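> Just to be clear, the model below is a prediction. Sequence and coordinates:
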Amino acid sequence: MNTIRQVFRSAKFVTGFVIFIAIILLTILFPLFITYDPLDVVGNGNFYPPGTYISQKDTIKANPYELRIALKQSNVGDSLKTDELDKIKEWLTQYGGMGKSEVQDADAESLIVMWTDKYNPSKRFRGMLASEQKYYKRLNQKLTELLTDKDIIIAEQDENNELKEKSKVKSSDFVNLKEISNKRTLVLGTDNFGRDVLRELVSATTTSLRIGLIAGVVATAIGLTLGLLAGYLGGFIDDLILFITNLFTVIPSFVLLILISYSVGQKQRGVGLVALIIGITSWTWTTRAVRSQVISLRNRDHVNLSKLSGHSSFKIIMTDILPYIASYVVMAFILQVSSGILSEAQLSMLGLGPATTSTATLGLMMNWAMLYSAHLNGSWWAYFPVLFMIAMISFSLNLMNTGLDQVFNPQLRD
Amino acid sequence: MSELGASCLSGRGVTKVFGIGKTVTVAVDHVDFDFREGQIISIVGESGSGKTTFSKMLLGLISMTEGEISFQGKPRVLKTCAQKRKYWKDIQAIFQDPFASYNSFRKVDSVLLDCINMRDGKALPQKKKEEMMTEACSFVNLKYEELTNKYPFELSGGQMQRLMIARIFLLKPKILLADEPTSMVDACSRATILDMLLKLRSEVNMTIIFITHDIGLAYYVSDQVYIMEHGKFVERGNAENVILHPQAEYTKRLISDVPKIYGNWDLTTV
């Protein structure tokens, strides 16, 4: 009891604990409120940026309110693409007689002003391809349309296939967002499949935590059992276990992980199996640590007394040794969970993670984002939140670990 | 003081070597001994002379590198757990450091309960077990009611060591190996503990192997004294003979090192 109170007095542990609990709560509570399937395809294209999406039809149908507020023109500039702006710059320097430096530093707004000032659509420019002439005409058309203050007429087809004016949309018309029923806020946009990244991220975090937990439990269970046996029994069994442990230690566990994952095959590789594979390749460190702790414990007087009291080896391990290394094991377990999550992410990045289209994991999300080059086309929302989540999980777990270490090992207290 | 008792525990060429290769430490070096039933045998030596290693070999907690030990005239075989358990019904120990002798995660009365379970079986009714524990506690002047539900760190060193004696009282072994049972407690508790050990001995008639660095104490309690230096017995025999007429240099030094209340201390040998 006293130890637990002390643990919760450690600032590091509490910080880590709070972050971790927040992540856990997020994975539990979020699906309760947002109930749709995390892998529902929301968008029909890929990588829609974060924001609130409202139905265009609804805005037209909605009751218009006329507001007397100055309208921003900057959206004209925003609706031009970069290559279009570049073309304007090119024209202005070549045919508009503007200085290069003047044009280069100008923003979209002033470029448009210059353009409307200089460009004459009826004039032909010498030395320009016909297609380019047409391109500039189209561009000019688009700009005038954007700049015009004319009402937009909304028409409907009647039975005779003739367009009939239904209503007009004035520049000063506004709709109230509350009156629009069809809207969806995609806080983190959509990914390459058009799925809601936030919802997917929460579900992926749940899966990844589960993988970490299974891997941690498996690794700690194997490591603890072997460590206890090797340390307590000693002799031949110790040699044998140490030999196996060394064998596993010298082969980098990640290589082993890749080989096993690969040989298992694409079809069999589910979430559970990947977690298991991670677990059975990462127990060596726990074994070595536990073994050395047990060796120092097994010659203590209280263990000798237990032996003299006729306790079996199993009972001595469980009551006289395990409680003494429990804090150590908890710390090792936390580290294993953290490294399990990281290992899954690494494996999935290589395409050797869980082969599944029905569940997302943090590693798989990274893999998908990478395959569809989200990092190249600037779709940060597809991979950065995932990275952040992985970092937060491993940060919080490591912080808890350091906090525990300082409580159990007073030498480390600052 | 008699030599008439049957041989209880004897050994021939008992050796323990720690380490491999160049860093070999010979803790106990080919010692022979013959402990007789019903006696108090003291093994005296300074720190590092191999007393504790020797005692652990007697208890069968560590293996011997060489040599053999006979128990009650027959060679001692400790291969299986069952053999060990049977042996440990006959030989028990009190360790040096009472604070290290308890599992700090278990309540202290579980130590006594273990003894009853070992000696008389688990089948005994709870009430009878409690009676036995109360009796054992009162033998060492402790109150059982005050001990229940307590953890080791809630007791004093003297109380812990007395509880260890209560444990022996319950087990009633043939041999008790007391490894410096009084070195970690204060002088007052020391007298009490020694007194209780002697009382216990007269009650259950057991052989006590008393391991100590205090030659005065050895003279006070024992029938036989074995002097150990660097893993060897340099002198052995009747307590009075050894201490009043020491032969070996080492024994003489040990005796001269005993602090005297009256008279000047001779620090030249230290």
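Cool, got the structure. Residues are numbered from 1 along each chain as shown, chains lettered A, B, ... in the order given.
> With only the CA atoms kept, save stretch B:220-229 in CSV.
Only the C-alpha atoms of stretch B:220-229 are listed here, as CSV (Å, rounded to 0.1, in the frame of the first residue of the first chain):
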residue,chain,number,x,y,z
TYR,B,220,30.4,-19.9,28.4
VAL,B,221,28.0,-22.2,26.5
SER,B,222,29.8,-25.1,24.9
ASP,B,223,31.1,-28.6,25.6
GLN,B,224,33.3,-28.9,22.6
VAL,B,225,35.1,-26.1,20.7
TYR,B,226,36.4,-26.2,17.2
ILE,B,227,38.6,-23.3,16.2
MET,B,228,38.5,-22.5,12.5
GLU,B,229,41.1,-20.5,10.6
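> chain center to it, what's the gap?
The chain centroid and the centroid of stretch B:220-229 are separated by 12 Å, computed with C-alpha atoms, centre = their mean, to the nearest Å.
> Contacts for that stretch next, please.
For stretch B:220-229, the external contacting residues (C-beta atoms under 8 Å, 6 or more residues apart in numbering or on different chains) are B:1, B:31, B:33, B:35-36, B:39-46, B:49-51, B:54, B:194, B:197-198, B:210, B:218-219, B:233-239, B:242-243, B:248, B:250-251, B:254. Glycine gets a C-beta too; all of them are placed from N, C-alpha and C.
> where does the stretch 151-300 of chain A dip in pLDDT?
Of all residues in the stretch 151-300 of chain A, none has pLDDT under 70.
> Chain B contacts on that one?
residue A:300 (C-beta under 8 Å from any C-beta of the partner chain).
> contacting residues for residue A:201?
Residue A:201 touches A:188, A:362, A:365, A:385-386, A:389, counting by C-beta under 8 Å, 6+ apart.
> and the two most separated of these?
Largest separation among the contacts of residue A:201 by C-beta to C-beta: A:188 and A:362, giving 13.7 Å.
> what about the two, which has more around it?
residue A:362 (27 against 20; other C-beta atoms under 10 Å in any protein chain shown).
> pLDDT wise, what is that one at?
Residue A:362 carries a pLDDT score of 91 in this model.
> Residue B:263 too?
Residue B:263 is given a pLDDT of 65.
> Equivalent analysis for residue A:379, please.
With respect to pLDDT, residue A:379 has a value of 87.
> how many other residues sit next to it?
Residue A:379: 23 surrounding residues under other C-beta under 10 Å.
> Kindly report the same for residue A:404.
Around residue A:404 there are 21 residues (other C-beta under 10 Å).
> Tell me if I'm right that it and residue A:332 touch.
No - with contact defined as C-beta atoms under 8 Å, residue A:404 does not reach residue A:332; the gap is 10.4 Å.
> picking up where we left off before, go through the contacts of stretch B:220-229 and flag which are in helices.
Judged by DSSP state H, the subset of the contacts of stretch B:220-229 located in helices is B:51, B:54, B:194, B:197-198, B:218-219, B:239, B:242-243, B:250-251, B:254.
> will you turn the contacts of residue A:201 into a markdown table that also has secondary structure and distance to residue B:112?
Below are these laid out as a markdown table (DSSP: H, G, I helix; E, B strand; the rest coil; distance: C-beta to C-beta, whole Å):
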| residue | secondary structure | distance to residue B:112 |
| --- | --- | --- |
| A:188 | coil | 64 |
| A:362 | helix | 54 |
| A:365 | helix | 60 |
| A:385 | helix | 60 |
| A:386 | helix | 59 |
| A:389 | helix | 54 |
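> Phi and psi next, for residue B:137.
phi -70, psi -40 (degrees, to the nearest 10).
> Find the residue closest to it in space, skipping its chain neighbours.
residue B:144 (4.2 Å; C-beta to C-beta, 6 or more residues apart in numbering or on different chains).
> Can you flag the buried ones in the contacts of stretch B:220-229?
B:31, B:33, B:35-36, B:39-45, B:49-51, B:54, B:194, B:197, B:210, B:218-219, B:233-236, B:239, B:242-243, B:250-251, B:254 (16 or more other C-beta atoms under 10 Å in any protein chain shown).
> So residue B:13: helix, strand or coil?
strand (DSSP: H, G, I helix; E, B strand; the rest coil).
> I meant residue B:92, not that one.
strand.
> if I pick the residue minimising distance to the centre of chain B, what's in contact with it?
Centroid-nearest residue in chain B: residue B:178, 1.5 Å away (criterion: C-alpha atoms, centre = their mean). Contacts for residue B:178 (C-beta under 8 Å, 6+ apart) come out as B:93-94, B:197, B:208-211.
> In terms of helices and strands, where is it?
strand B:175-179 (DSSP states H and E).
> Off-centre distance for that strand?
Relative to the centre of its chain, strand B:175-179 is centred 3 Å away, using C-alpha atoms, centre = their mean.
> Could you do stretch B:45-65 as well?
Mean C-alpha position of stretch B:45-65 versus that of the full chain (C-alpha atoms, centre = their mean) differs by 11 Å.
> So which bits of chain B are right by chain A?
Residues of chain B lying near chain A (C-beta under 8 Å from any C-beta): B:56, B:59, B:61, B:81, B:84-85, B:88-89, B:92-93, B:95-97, B:100-106, B:111, B:114-115, B:117-118.
> Please list only the buried members of those residues.
Burial by neighbour count, 16+ other C-beta under 10 Å: within the residues of chain B next to chain A this picks out B:56, B:59, B:61, B:84-85, B:88, B:92-93, B:95-97, B:100-103, B:106, B:111, B:114-115, B:117-118.
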